[in-house]
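Peer 1: sharing a model prediction with you, sequence too.
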Amino acid sequence: MPDLYVGLISGTSVDGIDAALVDFSDGAIRLIAFHYQPFGEELRSAIYRISQPNQAVHLKEYGELDCRLGILFGDAATALLAKANIDASRVNAIGSHGQTIYHAPEPPFPFTLQIGDPNVIAECTGITTVADLRRRDIAAGGQGAPLVPAFHSAVFGDSTQTRVIVNIGGIANITVLNDQPVIGFDTGPGNGLMDWWCQRQRQQAYDADGAWAATGNVHAGLLAALLDDRYFRSPPPKSTGKEYFSSAWLTEKLQPFGDLPPQDVQATLCQFTADSIAAAILAWAAETRQVLVCGGGAHNGHLIGLLEKALNVPVESTARFGIDPDCVEAMAFAWLAKRTLQNQAGNLPSVTGAKTPVTLGGIYPGNKR
Ligand SMILES: Nc1ncnc2c1ncn2[C@@H]1O[C@H](COP(=O)(O)OP(=O)(O)OP(=O)(O)O)[C@@H](O)[C@H]1O
Ligand SMILES: CC(=O)N[C@H]1[C@@H]2OC[C@@H](O2)[C@@H](O)[C@@H]1O[C@H](C)C(=O)O
């Protein structure tokens with residue numbers, strides 16, 4: 001009998017909702033269906049606005065967006081199940097990450113905030129919904145992120161060699177898997193700054209395949225300035241977000257290089273992303289011969305080429321292990337929901353820095369009585 005869970009996430013790129021239907025029966029992890037529901041421009045801007053550091057936000061605006069996203073997450077789950085021709089009553093639970101609008105794990109009052117009201121998701125779908133999956137880890141002294149390394153370990157773990165999983169979303173993170181406790185942390189910007197520059201200069205959501213970056217020249221001075229940041233010098237556990245690596249951060253870094261051609265800036269940002277990921281891998285898994293990439297950055301051939309060059313190791317897609325690179329994060333939240341319902345820990349203290357493993361999230365019951 002299938003053991004079905006749905007995972008839902010909208011990541012830091014704020015492009016839309018990824019929804020995955022996963023079957024965990026017989027100890028396997030099988031993707032049954034995937035659905036992507038893009039956000040419209042107006043919604044993206046509303047999310048951007050509310051996520052700005054130092055932005056005054058009316059509680060009404062916040063509450064409405066929380067509800068609106070709850071409806072959209074519920075719709076995405078419903079569309080996913082329709083695609084798979086699966087009745088909601090057959091799904092054990094939804095694991096919903098929601099949309100991160102702020103991540104500030106620093107003391108004295110660390111917090112992280114994901115919205116997309118799980119009450120609404122449970123009510124719309126009738127399916128028990130597990131959400132708010134980061135804050136218990138923070139309460140236990142952790143960063144609340146990244147959470148996906150535990151899933152990477154379950155799916156890609158191999159104790160005979162060191163394997164590194166790299167997720168390149170808006171922010172990038174790595175997971176180091178071998179016979180030692182899992183290491184995992186955010187390395188810094190993924191596609192986020194390249195996206196912002198591309199949108200500003202070319203009114204395009206992103207630089208497809210890194211083709212525009214490939215036309216520019218890397219500027220050594222700007223590259224050095226970008227890499228000169230305390231985040232890269234600090235050891236894990238660590239996590240970051242677009243609140244830190246923001247457009248304001250980039251604007252300040254660009255200031256002394258005001259007259260650079262825009263394509264050179266893009267080329268340098270792409271090199272910066274590759275170099276900051278490579279430096280993290282070389283610092284914590286220098287021996288690795290196997291690097292697997294997932295997240296949207298896996299489709300940026302120019303970026304992957306730069307990463308391969310910096311590491312001198314082939315960089316392959318997680319597809320090689322049967323997992324579509326665009327589905328990994330959503331599948332992870334299906335997996336985390338199952339852990340929570342079984343009262344099993346979802347965090348890895350070796351990754352997040354939490355004092356103990358903890359069962360993550362809140363449970364919002366569905367309407368199966
Ligand atoms: N064909 C492509 N060429 C280049 N880049 C691409 C391509 N397809 C997707 N991307 C990049 O991937 C991004 C989306 O990646 P993804 O969905 O993994 O991010 P996310 O999940 O929102 O982020 P995070 O993992 O930080 O939460 C896009 O914004 C774009 O920069
Ligand atoms: C706070 C937050 O939403 N963090 C994201 C973000 O996007 C990538 C990276 O930064 C990672 O730490 C995390 O997402 C994945 C799903 C994680 O928790 O592993």
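Peer 2: Thanks, I have the structure now. Ligands and ions are numbered 1, 2, ... in the order given.

Peer 1: low-confidence ranges in this structure?
Peer 2: Low-confidence segments of the chain (pLDDT under 70): 368-369.

Peer 1: would you mind listing what in this structure touches ligand 1?
Peer 2: Taking C-beta under 6 Å from any ligand atom, the part of the chain that reaches ligand 1 is made up of 11-13, 15, 167, 169-171, 190-191, 195, 206-210, 295-297, 299-300, 329. Just so you know, the C-beta spots here come from the backbone N, C-alpha and C atoms, and that holds for glycine as well.

Peer 1: okay, residue 141 and residue 177: tell me how far apart.
Peer 2: Relative to residue 177, residue 141 is positioned 24 Å away (criterion: C-beta to C-beta, to the nearest Å).

Peer 1: same deal with residue 270?
Peer 2: Here the criterion is C-beta to C-beta. By it, residue 270 lies 26 Å from residue 177.

Peer 1: who's more crowded, those two?
Peer 2: Neighbours around residue 270 and residue 177, counted as other C-beta atoms under 10 Å, are more numerous at residue 270. The numbers are 28 against 25.

Peer 1: that one: what's it in contact with?
Peer 2: For residue 270, the contacting residues are 194, 207, 210, 213, 300, 302-303, 306, taking C-beta atoms under 8 Å, 6 or more residues apart in numbering as the criterion.

Peer 1: doesn't it lie inside a helix?
Peer 2: Yes - assessed with DSSP: H, G, I helix; E, B strand; the rest coil, residue 270 lies in a helix.

Peer 1: quick one, what contacts the residue in the stretch 251-369 of the chain positioned nearest to ligand 2?
Peer 2: The stretch 251-369 of the chain approaches ligand 2 most closely through residue 329 (4.7 Å), counting by C-beta to the nearest ligand atom. With contacts defined as C-beta under 8 Å, 6+ apart, residue 329 is in contact with 7, 9, 11, 18, 97, 148, 167, 169, 294-295.

Peer 1: next, format these as TSV and append distance to residue 221 and neighbour count.
Peer 2: Converted to TSV, the contacts of residue 329 look like this (distance: C-beta to C-beta, whole Å; neighbours: other C-beta atoms under 10 Å):
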residue	distance to residue 221	neighbour count
7	43	32
9	37	27
11	31	22
18	38	24
97	38	27
148	35	26
167	29	31
169	28	20
294	32	24
295	29	26
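
Peer 1: which one of the residues you listed is nearest residue 343?
Peer 2: When the contacts of residue 329 are compared for distance to residue 343 (C-beta to C-beta), residue 7 wins out at 18.8 Å.

Peer 1: bridged to the closest one, which residues?
Peer 2: On the basis of DSSP bridges, residue 7 takes part in beta bridges with residue 20, residue 95.

Peer 1: residues of the stretch 51-200 of the chain that sit close to ligand 2?
Peer 2: When proximity is defined as C-beta under 6 Å from any ligand atom, the stretch 51-200 of the chain approaches ligand 2 at 100, 103, 112, 145-148, 167, 169, 171, 173, 186.

Peer 1: just flag the most distant two among those residues.
Peer 2: Comparing all pairs in these by C-beta to C-beta, the longest separation belongs to 112 and 167, at 17.3 Å.

Peer 1: just the buried residues of the longest helix along the chain, please?
Peer 2: As assigned by DSSP state H, the longest helix anywhere in the chain is helix 59-84. For helix 59-84, burial by neighbour count (16 or more other C-beta atoms under 10 Å) applies to 65-66, 68-70, 72-81, 84.
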